[in-house]
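Engineer: Everything below, folded, please.
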Amino acid sequence: MSIEFDNNLPIYLQIMQYIKRQIVTGTLKAGDKIPSVRELAAELQINPNTVQRTFQELEREEVVETKRGLGRYVTSEESKIMTIKKEMAGELLERFLTGMQELGIKEHDIVNIVADAVAEGKQSSHRDGRGGTVNE
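Structural biologist: Down below sits the predicted model:
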């Protein structure tokens, strides 16, 4: 696990976001065991109290659950994972829209820009590294 910490945001929040991102991307799956406080603190070279706070917050949000004597595990509730994914997508979208509006781009132009980018993304995902089309 590797995180580049931002000095403008509390470390425990950054670790929470990192773990949530691992969950929604499938790196950590529902029911997977997560590292212990000591393991994660050593890996990230941070105070174990910070990791403990992170885990407490993740438990409070029902993202992870503790199984007494066995450790902490990613929630097995798929609906909770989907909620986290939607929240993260909403945050990304909000930052994107704010940035576009700060550039003075109008709503209908934002929609066109996104549609063009999606179309270009679909085209480039069907090409191989030499510019040719990949057979499906």
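Engineer: rest of the way, CA atoms for contacts and neighbours
Structural biologist: Noted.
Engineer: now what about stretch 29-39, what contacts it?
Structural biologist: Residues outside stretch 29-39 that contact it (Cα atoms under 8 Å, 6 or more residues apart in numbering) are 23, 48, 51-52, 71-78.
Engineer: among the residues you listed, which are in strands?
Structural biologist: Judged by DSSP state E, strands contain the following of these: 71-74.
Engineer: Any chance of CSV for those, columns pLDDT?
Structural biologist: Formatted as CSV, the ones in strands among the contacts of stretch 29-39 follow (pLDDT from 0 to 100):
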residue, pLDDT
71, 93
72, 96
73, 97
74, 96
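Engineer: Quick one: mean pLDDT over stretch 45-64.
Structural biologist: Stretch 45-64 carries an average pLDDT of 96.
Engineer: Would you mark the buried spots in the helix or strand containing residue 94?
Structural biologist: Here residue 94 sits within helix 78-102, counting by DSSP states H and E. Within helix 78-102, the residues scored as buried using 16 or more other Cα atoms under 10 Å are 81, 84-85, 88.
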